[in-house]
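In: The amino acid sequence is not available; the structure is as follows:
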Ligand SMILES: C[S@@+](CC[C@H](N)C(=O)[O-])C[C@H]1O[C@@H](n2cnc3c(N)ncnc32)[C@H](O)[C@@H]1O
């Protein structure tokens with residue numbers, strides 16, 4: 001089965017940092033039309049035996065809905081469906097613009113397959129930059145690390161960052177109960193909590209967190225309506241909305257971080273190219289020492305902020 005990574009499916013790109021990396025350009029608007037499209041496309045039904053060639057009717061329906069990688073999507077949908085009726089329902093959802101990952105129930109991130117449910121934020125390829133940075137911080141630590149993935153969604157960042165790293169104590173937390181349920185399926189070694197930012201965490205983590213990983217919502221409220229339908233209609237507002245200037249959650253994360261980070265601990269927070277200096281300022285105003293990493297070729301920008309005393313040379317502590 002082909003992978004569900006963004007690379008094989010990237011149909012169109014946007015300058016907006018939280019825009020879907022693969023999306024339908026021309027989704028069918030009305031559910032009854034989508035169902036009809038799906039029924040006609042599947043009149044012949046899928047082959048009873050596994051066949052590496054995608055069903056032509058399925059491909060045609062996906063292509064007419066604007067899916068650039070219709071063949072790959074057809075194979076993925078066929079593999080995910082248990083029977084022709086379920087396949088027709090999945091196709092109907094997909095042609096109305098629901099993200100493929102939510103339709104088939106899984107997403108690939110950093111080579112890891114993660115459960116995902118309708119409405120939950122689909123991990124983006126650019127967020128792999130944050131994971132790479134976290135892994136480089138982890139190897140510098142000379143003791144088992146305490147890692148927190150705040151605003152975890154599916155748990156993608158935390159799971160990928162600590163994969164194959166021995167002895168890590170991983171905690172992931174989110175405010176959305178559906179995301180928390182996904183994260184509980186994905187975080188097999190670690191703890192998942194539900195609640196508003198740091199309120200979700202067990203108190204004994206105060207002052208013990210070595211690496212705080214955060215991809216919080218950072219789209220300014222007024223810009224959400226400019227996002228593609230896949231994000232705007234199929235990911236919860238709470239996963240996208242960063243408040244009036246997009247920095248509402250970043251500010252709260254920064255203000256709380258010194259209390260939870262160990263001395264010399266690291267906060268890694270994804271942000272956008274346009275917001276990076278302001279995200280870094282939030283961290284500095286909270287008493288951390290921040291630097292901006294990126295943007296890289298995918299447009300990924302991460303603010304790295306370190307707790308602890310600034311040495312007299314003004315250099316960072318780590
Ligand atoms: C942009 S999504 C990122 C999800 C995940 N970190 C990822 O990169 O795939 C932001 C997540 O933050 C969560 N969230 C928003 N506000 C929150 C809050 N006050 N406390 C905890 N989680 C929050 C949302 O439910 C959503 O899952």
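Out: Cool, the structure landed. Quick caveat: nothing in here was measured; it's all calculated off a predicted structure.

In: Helices along the chain, start to end?
Out: Ranges of helices in the chain, per DSSP state H, are 6-9, 31-41, 56-64, 70-80, 84-95, 100-104, 128-140, 156-162, 177-186, 229-234, 237-240, 248-260, 276-285.

In: Now do the buried residues in the last one.
Out: Within helix 276-285, the residues that qualify as buried are 276, 278, 279, 280, 281, 282, 283, counting by 16 or more other C-beta atoms under 10 Å. C-beta coordinates here come from the backbone N, C-alpha and C atoms, glycine included.

In: Among the helices of the chain, which comes closest to residue 296?
Out: Residue 296 lies closest to helix 128-140 among the helices of the chain, at 5.8 Å (C-beta to C-beta).

In: What does the pLDDT read for the residue in the chain positioned nearest to the ligand?
Out: For the chain and the ligand, the shortest gap (C-beta to the nearest ligand atom) falls at residue 153, measuring 2.6 Å. Per-residue confidence (pLDDT) for residue 153: 98.

In: got the contact list for the spatially closest residue to it that is not a sequence neighbour?
Out: Leaving out its chain neighbours, the residue that sits closest to residue 153 by C-beta to C-beta, 6 or more residues apart in numbering is residue 121, at 4.4 Å. Contact analysis of residue 121 by C-beta atoms under 8 Å, 6 or more residues apart in numbering lists 153, 154, 179, 235, 236, 239, 240.

In: go on, residue 282?
Out: 247, 250, 251, 254, 255.

In: Between these, which sits nearest residue 226?
Out: residue 247 (17.7 Å).

In: Need the nearest residue in space to the closest one, chain neighbours excluded.
Out: residue 278 is the one closest to residue 247 (C-beta to C-beta, 6+ apart), at 5.8 Å.

In: coming back round to it: and among the helices of the chain, the most buried is which?
Out: Comparing those by mean neighbour count (mean count of other C-beta atoms under 10 Å), helix 156-162 ranks first with a mean of 27.

In: need the residues of the protein near the ligand, please.
Out: Counting by C-beta under 6 Å from any ligand atom, the residues of the chain close to the ligand are 121, 123, 127, 151-154, 156-157, 174-176, 179, 196-197, 215-217, 238-239, 249.

In: from memory the residue of the chain closest to the ligand sits against residue 179, does it?
Out: Yes. Under the criterion of C-beta atoms under 8 Å, residue 153 makes contact with residue 179 at 5.0 Å.

In: how distant is the strand ranked longest in the chain from the center of its chain?
Out: In the chain, taking DSSP state E as the definition, the longest strand is strand 261-271. Centroid separation for strand 261-271 versus its chain: 19 Å, with C-alpha atoms, centre = their mean, to the nearest Å.

In: mind listing what that strand pairs with, with the direction of each?
Out: With DSSP bridges as the test, strand 261-271 is paired with strand 209-214 (parallel), strand 301-306 (antiparallel).

In: Quick check: buried residues in that strand?
Out: Buried, per 16+ other C-beta under 10 Å, within strand 261-271: 261, 262, 265, 266, 267, 268, 269, 270, 271.

In: Out of those, give me the two with the largest separation.
Out: 262 and 271, at 22.9 Å, using C-beta to C-beta across these.

In: about what we covered before: quick one: residues in contact with the longest strand of the chain.
Out: 17, 126-127, 129-130, 133-134, 137, 146, 207-216, 218, 250, 253-254, 257, 279, 283, 288, 300-308, 317-318.
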